[in-house]
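**Q** Next comes the sequence, and after it the predicted model I'd like to discuss.
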Amino acid sequence: MQRYIVRRLLSLLPTLFGVSLVIFVVMRALPGDVARQILTGGGSGQGVTQEQVDRLRNQLGLNDPLPLQYWHWLSGVARLHPGDSLFTHHPIMDEISSRLPATIELAAGAVVVALLIAVPIGVLSALYQDRSIDYLFRVVSVAGLSLPGFLLGELLIFALERYFHYVRPAGFASLWADPRKNIEQMIEPVLVLGYGFSAILSRVTRSAMLDVLREDYVRTARAKGLRPGPVVLRHALRNALLPVVTIAGLQLGALLGGAVITESVFALPGLGRYLVTSIVQLDYPVTQMIVMLSGVTFVLLNTGVDLAYALIDPRIRYD
Amino acid sequence: MRTSGELTIAPPRGATLPGLGALGAVGRFMRRKPLGAVGLSVMVLFVAIALLAPLIEPHDPNAGVHGASYVAPSRAFPLGTDKFGRDQLSRVLYGATISLQVGVFTVALGVGLGVVVGLVSGYFGGATDFALQRAVDSFQSLPNIIFALAIVTALGRSLHNVVVALAIASWPGTSRVIRSSVLSLKQLAYVDAARSLGCSDARIIVRHILPNVVPIAIVLATAGLGAAILAEASLSFLGVGIRPPTPSWGSMINEAASVLQRYPYLTLFPGIAISLVVFAFNFLGDALRDYLDPRQRGVR
């Protein structure tokens, strides 16, 4: 077991290296001149002199050989000193850490909401497979995959204001400073993101339950006369939850993608919105750092889930 | 029918009327998978609108009618007009063209690349497989939308670059699925038979393995179309997708956000369009997956 853990942790290194390489190549080596874009506000580069472009390229270190640029960037990232924002000139890590709490709260809330929606829906769908309630729930979950988060958000804001005269309080309050205001601000985005997330989870729950319900031990439990409730909850669901929790963990990294949109719709000062801002402001060191962070989070979660799996499920042995 | 010696070679049954055979398959599919049938119908409608948009648009989608800003839905403008007096119906119709282009090109590129990598990785195994799979791991570690944002930033905003970005973000998923089915296909006896007959690797891959992964690729492509359309809408909503004034459904909703309470129809109609289309592709993808899954044959 210990050897497995060590091996799994060591295998993190090549993946993290790969992630950094992919990000670097995509953002630096693809055709497209960052300096020119910065000078023309995102345009194709008309109206600036070559001299201006060259000066900015020098300033940003873009004229160095690519491997050297990569090394400078990677060593900065690894030491958590990725430099300053081109736009505000504050250290990037300060900018990021001030926005992290909102995103973490949003993601955590969304996971809780998603599980609360997905598990009952998935279980009922499996128990009543191919009956009308199953069809209804499947439509509900495909809707969660299909309805764009930004549309749901806009419609929620619209409906609450139009029909209930409710407007979310403006300005962000942290959970510790003003819990009530914070919760009022977070509840809508958490619901929107959580519903989208629940779509994937309820499908996983349904198919895991369908598999487990056909297992011999479930038939045994029924045969010995247990009532349906305990059979479903204690024998089937407990085993079906394993893949659900796995997928939930894996998808947590992808939640940051959803957070980009939800935070933009609800004007939350989180990392996702900052990513979009940095892109619009052509603050590419910030963009690179946030993308790298999301990759690192994903890889770490992935490993964490794998390790947890080995600990939780006695059927799995790693040697 | 032709005779060579004592052997009589008959054309395979059903091959004489290939058109009817395909229609029959579609009919069977639609009867067995009602939700898939709904998806297929919406998809056909969507493609028809996208192709015919320039012919059926009542107005120029990009030219505003003077003095007609924020007209509520009426006979002259069935879906109303926006701030610049542009006809929303024409813009929603033209948006279908944009969405279809993004969807088709992204999937062609993304699924194409994914299939090639999956075939090579699964068939050759060993060091090739290891290296390719580590690349897949690295790409998959980035949420699609964030990855696409990064790429569009580097390349600049345009329809073409959005397609490239979404394709680069989407191929790893396809290659994973294809690889795992190649791993089991290459163990089968007919592949050994082909090899013992002296077929080259390239021939075995193209003639013997590829045809068997095509159904999987079709399912992935169908779901991928919906995902690509959704992703483009999201990028355009964030203001980093296709440049205005080109009407993308996402950017229409973005532009309408500031006047949501006063002119909700500006959000509603493009919103319905995206949701319907993505819904349809997801239903169709699900139904196709169940229908083509050999384990579910005969199961309704």
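**A** The structure has been received and is ready for your questions.
**Q** wait, is B:T246 part of a strand?
**A** No: counting by DSSP: H, G, I helix; E, B strand; the rest coil, B:T246 is not part of a strand but coil.
**Q** Surely it touches B:L159?
**A** Yes: the pair B:T246 / B:L159 is scored as a contact, 7.3 Å apart, by Cβ atoms under 8 Å. C-beta here means a position set from N, CA and C on the backbone, and glycine is covered the same way.
**Q** hey, what's in contact with both of the two?
**A** Common contact partners of B:T246 and B:L159 (Cβ atoms under 8 Å, 6 or more residues apart in numbering or on different chains): B:I98.
**Q** how many neighbours does the nearest residue to A:H72 once chain neighbours are set aside have?
**A** The shortest distance from A:H72 to any non-neighbouring residue, by Cβ to Cβ, 6 or more residues apart in numbering or on different chains, is to A:G61 (6.5 Å). Around A:G61 there are 11 other residues, counting by other Cβ atoms under 10 Å in any protein chain shown.
**Q** A:G61 looks like it's in a strand, true?
**A** No: A:G61 is assigned coil when assessed by three-state DSSP, not a strand.
**Q** From chain B, how far out is it?
**A** 16 Å (Cβ to the nearest Cβ, to the nearest Å).
**Q** Could I get the phi/psi values of that residue?
**A** Backbone dihedrals for A:G61, given as degrees, to the nearest 10, come out at phi 70, psi 20.
**Q** Am I right that it is in contact with A:Q69?
**A** Yes: using Cβ under 8 Å, A:G61 makes contact with A:Q69 at a distance of 6.1 Å.
**Q** which SS class is B:S74?
**A** coil.
**Q** List the contacts of it.
**A** Contacts of B:S74 (Cβ under 8 Å, 6+ apart): B:G80.
**Q** give me the low-pLDDT residue ranges for chain B?
**A** Low-confidence segments of chain B (pLDDT under 70): B:1-20, B:293-300.
**Q** so where do the helices sit in it?
**A** B:18-32, B:34-56, B:88-124, B:126-140, B:144-155, B:159-185, B:189-196, B:201-203, B:210-237, B:249-256, B:265-292 (DSSP state H).
**Q** Report how many residues lie close to A:S85.
**A** A:S85, neighbours per other Cβ under 10 Å, totals 20.
**Q** circling back to that earlier point, go through the helices of chain B and name the closest to A:L80.
**A** Proximity to A:L80, assessed across the helices of chain B by Cβ to Cβ, is greatest for helix B:144-155 (19.8 Å).
**Q** Now look at that closest one and say if it contacts chain A.
**A** Yes: residues of helix B:144-155 contacting chain A under Cβ under 8 Å from any Cβ of the partner chain: B:144-147, B:149-155.
**Q** between that helix and helix B:88-124, what angle do the directions make?
**A** 100 degrees (axes from the mean of the first three to the mean of the last three Cα atoms, to 10 degrees).
**Q** got the angle for helix B:144-155 vs helix B:210-237?
**A** 70 degrees.
**Q** where are the low-confidence patches of chain A?
**A** Counting by pLDDT under 70, the ranges of chain A that qualify are A:29-34, A:37, A:40-47, A:312-319.
**Q** Geometrically speaking, which residue is the centre of it?
**A** The residue lying closest to the centre of chain A (Cα atoms, centre = their mean) is A:L255, at 2.1 Å.
**Q** ditto for chain B
**A** B:L225 (1.9 Å).
**Q** What residues does that residue make contact with?
**A** If you count contacts by Cβ under 8 Å, 6+ apart, then B:L225 has B:103-104, B:107, B:281 around it.
**Q** what's the farthest-apart pair in these?
**A** B:V104 and B:F281 (11.7 Å).
**Q** how far away is the residue nearest to the centre of chain A from B:F105?
**A** Applying Cβ to Cβ, to the nearest Å, the value for A:L255 to B:F105 is 28 Å.
**Q** Also B:E255?
**A** 24 Å.
**Q** Tell me the residues of the stretch 151-300 of chain B that contact chain A?
**A** Going by Cβ under 8 Å from any Cβ, the residues of the stretch 151-300 of chain B near chain A are B:151-157, B:168, B:226, B:230, B:233-234, B:237-240, B:250, B:253, B:257, B:260-261, B:264, B:267, B:271, B:274-275, B:278-279, B:282-283, B:286, B:300.
**Q** For the stretch 201-319 of chain A, which residues are neighbours of chain B?
**A** Near chain B, when you scan the stretch 201-319 of chain A using Cβ under 8 Å from any Cβ, you find A:253-258, A:260-261, A:264-265, A:275-276, A:279-280, A:282, A:284, A:287-288, A:290-291, A:294-295, A:298-299, A:302.
**Q** can you tell me which residues contact the nearest residue to A:P269 once chain neighbours are set aside?
**A** In this structure, A:P269 finds its nearest non-sequential neighbour in A:F172, 5.0 Å apart by Cβ to Cβ, 6+ apart. A:F172 makes contacts with A:102, A:182, A:185, A:268-269, as judged by Cβ under 8 Å, 6+ apart.
**Q** swap the cut-off to 7 Å and go again
**A** Shown in contact with A:F172 (Cβ atoms under 7 Å, 6 or more residues apart in numbering or on different chains): A:102, A:185, A:268-269.
**Q** Tell me which two of those residues sit farthest apart.
**A** A:Q185 and A:P269 (10.3 Å).
**Q** So for those two, which residue has more residues nearby?
**A** It is A:Q185, of A:Q185 and A:P269, that has more neighbours when counted by other Cβ under 10 Å, with 23 against 16.
**Q** where's that one relative to A:R168, distance?
**A** 6 Å.
**Q** can you list residues touching both of those two?
**A** With Cβ under 7 Å, 6+ apart, A:Q185 and A:R168 have no common neighbours.
**Q** Would you map the helices across the stretch 1-150 of chain A?
**A** A:2-10, A:12-24, A:34-39, A:50-59, A:66-78, A:92-127, A:132-146, A:149-164 (DSSP state H, counting those that start in this stretch).
**Q** Could you dump those into a markdown table and include mean neighbour count?
**A** Converted to a markdown table, those look like this (neighbours: other Cβ atoms under 10 Å in any protein chain shown):
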| stretch | mean neighbour count |
| --- | --- |
| helix A:2-10 | 11 |
| helix A:12-24 | 18 |
| helix A:34-39 | 20 |
| helix A:50-59 | 13 |
| helix A:66-78 | 14 |
| helix A:92-127 | 20 |
| helix A:132-146 | 18 |
| helix A:149-164 | 18 |
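**Q** could you dump these to CSV with distance to A:L213?
**A** Listed next are the helices of the stretch 1-150 of chain A as CSV, based on distance: least, Cβ to Cβ, whole Å:
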stretch, distance to A:L213
helix A:2-10, 31
helix A:12-24, 36
helix A:34-39, 55
helix A:50-59, 63
helix A:66-78, 47
helix A:92-127, 6
helix A:132-146, 13
helix A:149-164, 32
